[in-house]
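**Q** after the sequence you'll find the predicted model.
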Amino acid sequence: MENNLVIKAENSKSYLGFWIYILTDCVVFASLFAVYATLHNNTYGGESAQMLFSMPLALTQTIILLTSSLTSGLAIIAALGKNRSRILLWTVATFLLGALFLFLELREFNHLVAMGDSWRSSGFLSSYFILVGTHGLHILIGLIWMIVLGLIVMKKGLTAKSMKGLVMFNLFWHFLDVIWIFIFSVVYLMGHVGL
Amino acid sequence: MIKERLHNYLIGFVSCIFLSIAGYSIAVSSNSNMNYYEISVVGILALSQLIIQGIFFLHLSLQKKDRYRLIIASLIMLIITILVSGSIWIMNNLNSHMMPDTTRMNQYIKSQDGL
Amino acid sequence: MMLANLLGLLNVDSFRHDIIQNVGVGIMTLSIFFASLALTYFRKWKWLFGEWLSSLDHKKIGVMYIIVAVLMLSKAGFDALLMRTQQSLSVGNNHGILASQHYQQIFSSHGTTMIFFAAMGLMFGIINLAVPILIGTRDVAFPWLNSVSFWLFVSGMILLNTSLAIGDFSGAGWLAYPPLSELQFSPTVGVDYWIWSLQIAGVGSLLSGINFIVTILKKRAIGMNLMKMPMFVWSVLGSMTLVVFAFPVLTATITLLYLDRLLGAHFFTAGGGGNPMMYVNLIWAWGHPEVYILILPAFGIFSEIVATFSKKKLFGYTSMVWAIWAIVILSFTVWLHHFFTMGAGADVNGFFGIMTMIIAIPTGVKIFNWLFTMFRGKITFSAPMIWFVGFILLFSIGGVAGVLLAVPPADFQLHNSLFLVAHFHSMIVSGVLFGYFAGIVYWFPKFSGIKLNERLGKIAAYFWILGFIVAFVPLYALGIMGATRRMDHYSPSMGWQPLFIVAGVGVLIIGLGLLSLVLQVLYSIYKHIENRDRTGDPYDGRTLEWSIPSPAPSYNFSILPIVKKTDDFWEAKQEKRSRDLAYKDISLPKNSYIGLIVSAGAFALGFGAVWHILWLSIIGLLVIVVSVIVRTLDEDTEYTISKEKLILDDIQFYGEGK
């Protein structure tokens, strides 16, 4: 199994480098969480988290993203089995789930802004939009990455490079799910309990 | 090896769904405002998901090939903990030494709405 | 966003400045013009682009970093001269040579340029030059990413300097605190220039941090365990770890400031639910690690220099390593000491004050270890050693001043006074700058093949040491006498003017020091035939870089070394080990212009963001994304060097014997 391109990719310098990059992205999110923690009660007379956020929507988004994490992992397993069409199948599944997640999120943002609760309204909303919005931006980047990756796998097949790209994407996608778990817990769940 | 990976992913997935729903149930069935017990439990559930996803999705382990990744990740988690908790401590402290409580001020502003 | 107006906020007034600024723009433009003229006359454009600007060789990238850094050092040094002149003259009825607005932009530009472009530039330059060779490998882990990092650094630098010609610069200090830096109180584009040149350069730094961590962890020579690495490499590993931890905080924080300014958000505004103190908190959570990022490699350089010129193994290797990691972790636990006076309670201030005192201890360990290394060694007081002696004296004094500042009640008196300014300049000039100058002088023969003129080198060091004392010791006194930083005018009754004049003279002496350094290099190159380094080992050195020819060939090592002990080259010489002549064909990365193109894209993105020219920013972003994808798809990125060429190169330098 040592000669398997996926295993080689996971032991490569690029994988380690990308892992470190992911951790730096965690620090960015940590800063945004710190800002949210400081500003989340500064509603400037407006509505608080408890009143604004829909719990069922948040849970739906969480389950969608968790499932997409699973499908992304299944794409790696397909790659281990050198099954090109299965890789594409699971990548498409991940893409669709990710796109659905983003669609729901953008719709919710639109709804909030239309109600007059935009990032300009208060410190609380500024910090909410940047935290959740930055996560959404990363999801968008992931979607674009999946398209490029899918095209490469289709055209060039399973090469050392395409497998490196696949495992790095997988890391990225899992990390996005981890961040979301914290957003879900801190912004939505704890917000609902009145923190 | 593929079977092992598949097992890991399925165990991880099911556990995380369960943990997410557990947190959700606690939050929506909550009656009180600012119940520290509930908040702590939600926090612990989130941290558990982090560990589970770390082990089952991100393949963190004590094996030699994963060691650098584990060390770097642990260091960053330490730094993030210091950064976030330090900032919260400092900002809380600063805010409490500042002008009157803004939460009550905001509630007052809201209560004046319509007058 | 001005969608209707294609040029955003740009208009004719953006190009109008006062006389001093116009002189600055004139000098900049004329320098570029004459440089282009020279390149055309000597027909060196192809050489410049083909050999240097597209190079992925870490040594060439290192040299380019250093050249840019020294240019920025000169520019910011000139800012210092302007400031000192203003402060010497502007007393009572005299208001000096600079308007207040302009003075604020100058001290902001001085600090920003020095930290982000002079100091970081010198640091990344030396790290690039030295680390791969010290660990016995051919290049860094990601050579192409290395090139992108350098070009992003250049892009940020160009954006910063553009502010001199088009628009203005921030007047909010080198850290741009809100509410002053918010749109309400800084309505011009200055703060946006500050934000975006830092964002772009910051991404470059972050990528370098990742690059060098992976290089050090994964590309060491066979047999070189972590505890056998040269101490400089350990210090770089620590510093790069800090880069990776701290820079994301900067990225996040200044993005939020930009969003406040651009989109009317309320992160740090004085109203609307914003909290300006949060900015100060976060920016220093980055800012404190940043200063340790700068000093750790300088410590590492001194470790190499002291051991080599004492002909003795570095004392206390293990304790040095622990000291580095103690500094790395502790540097994240002290940041509040930069804002003791912002209003936290005694418990918070006390905690951070104690942690600040504790972090002085590992540095103390290092200083004693260097001194113990010198004890009973065969010492040569070469130019690098003079820098080291200056460092030991001046850095220690400044450090002790820092421990005084760590006491919150004392800091309440001294915060933002000239005492503080003297302290941090002691750290940065006699610590960071002396260290990097010493490193450049020390490793100069290795990357150029030319030994530097010792006499001019010592003169330069003496000027810097003397100049520093004359320029900054008065500031300690002034600070205690009550003088605040960033002052552009004061009353004659304070009695400060004589000391300001002395400080001004000090800056001139430092200027002579910088001039001597440059002269040393130019003169040595002029006399390059006599100064040729013919052995590759001019100091009878200890570490691997002295085992290869000077200048180092593109591939560094014709045969990758196998290491047995610490200071293995020294040990190999003592044991008279023979080389295992296992020559092989090797492959190296081809040149690439993508770094340059990404940089241009980043500049467009930044310039558009500053002037609210949306289409320009979008084009810039697309250029970056497409370039990265193009590079990812590129299959043909390496070229081969045959083993015959390697053998020939070795024979040519060392003669048949080796």
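**A** Cool, the structure landed. Model, not experiment: these values are computed from the prediction.
**Q** could you list every residue that touches residue A:194?
**A** A:50, B:32-35 (CB atoms under 8 Å, 6 or more residues apart in numbering or on different chains). In this view, the C-beta of every residue, glycine as well, is placed from N, C-alpha and C.
**Q** so of the residues you listed, which ones are in helices?
**A** Among the contacts of residue A:194, the members found in helices (DSSP state H) are residue A:50.
**Q** residue C:76 contacts residue C:109, correct?
**A** Yes. Using CB atoms under 8 Å, residue C:76 is in contact with residue C:109, at 7.2 Å.
**Q** neighbour count for those two, which is higher?
**A** residue C:109 (26 against 21; other CB atoms under 10 Å in any protein chain shown).
**Q** which helix or strand contains that one?
**A** helix C:100-112 (DSSP states H and E).
**Q** just give me the least confident of the contacts of residue A:194.
**A** Lowest-confidence member of these: residue B:32, scoring 72 (pLDDT).
**Q** residue numbers of chain A in contact with chain C?
**A** By CB under 8 Å from any CB of the partner chain, the residues of chain A that approach chain C are A:13-14, A:16-17, A:20-21, A:23-25, A:27-28, A:31-32, A:34-35, A:38-39, A:42-44, A:119-127, A:129-130, A:148, A:152, A:161, A:165.
**Q** to what extent is whatever residue of chain C ends up closest to chain A buried, counted in neighbours?
**A** Evaluated by CB to the nearest CB, chain C has residue C:273 as its residue closest to chain A, separated by 3.1 Å. By other CB under 10 Å, 24 other residues sit near residue C:273.
**Q** how about it, secondary structure?
**A** Put simply, residue C:273 is coil when judged by DSSP: H, G, I helix; E, B strand; the rest coil.
**Q** need the contact list for the closest residue to residue A:38 other than its chain neighbours.
**A** Excluding its sequence neighbours, the residue lying closest to residue A:38 (CB to CB, 6 or more residues apart in numbering or on different chains) is residue B:91, at 4.5 Å. Taking CB under 8 Å, 6+ apart, we find residue B:91 in contact with A:37-38, C:275, C:277-278, C:281.
**Q** please enumerate residues in contact with stretch C:313-327?
**A** So stretch C:313-327 is contacted by C:227, C:231, C:234-235, C:237-238, C:292, C:296, C:299, C:303, C:306-307, C:359, C:361-363, C:365-366, C:369-370, C:372-373, C:375, C:542, C:566-567 (CB under 8 Å, 6+ apart).
**Q** please enumerate the helices of chain B.
**A** Using DSSP H, the helices of chain B run over residues B:2-28, B:36-56, B:64-96, B:102-111.
**Q** buried residues, the first one. List them.
**A** Of the residues in helix B:2-28, those with enough neighbours to count as buried (16 or more other CB atoms under 10 Å in any protein chain shown) are B:5, B:8-9, B:12-13, B:16-17, B:19-20, B:23-24, B:26-27.
**Q** one more: the last one?
**A** Across helix B:102-111, burial judged by 16+ other CB under 10 Å covers B:102, B:106.
**Q** distance from it to the middle of the chain?
**A** 28 Å (CA atoms, centre = their mean, to the nearest Å).
**Q** which strands or helices does it pack on?
**A** If you count contacts as 3 or more CB pairs under 8 Å, 6 or more residues apart in numbering or on different chains; DSSP states H and E, helix B:102-111 packs onto no helix or strand.
**Q** now the angle from that helix to helix B:64-96?
**A** Put simply, helix B:102-111 runs at 60 degrees to helix B:64-96, going by axes from the mean of the first three to the mean of the last three CA atoms, to 10 degrees.
**Q** CA atoms of helix B:102-111 as CSV?
**A** C-alpha atoms of helix B:102-111 as CSV (Å, rounded to 0.1, in the frame of the first residue of the first chain):
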residue,chain,number,x,y,z
THR,B,102,-24.4,48.7,27.9
THR,B,103,-26.8,45.8,28.1
ARG,B,104,-29.1,47.6,30.4
MET,B,105,-28.6,50.8,28.5
ASN,B,106,-29.7,49.0,25.3
GLN,B,107,-32.7,47.5,27.1
TYR,B,108,-33.6,51.0,28.2
ILE,B,109,-33.2,52.4,24.7
LYS,B,110,-35.4,49.6,23.4
SER,B,111,-38.0,50.2,26.1
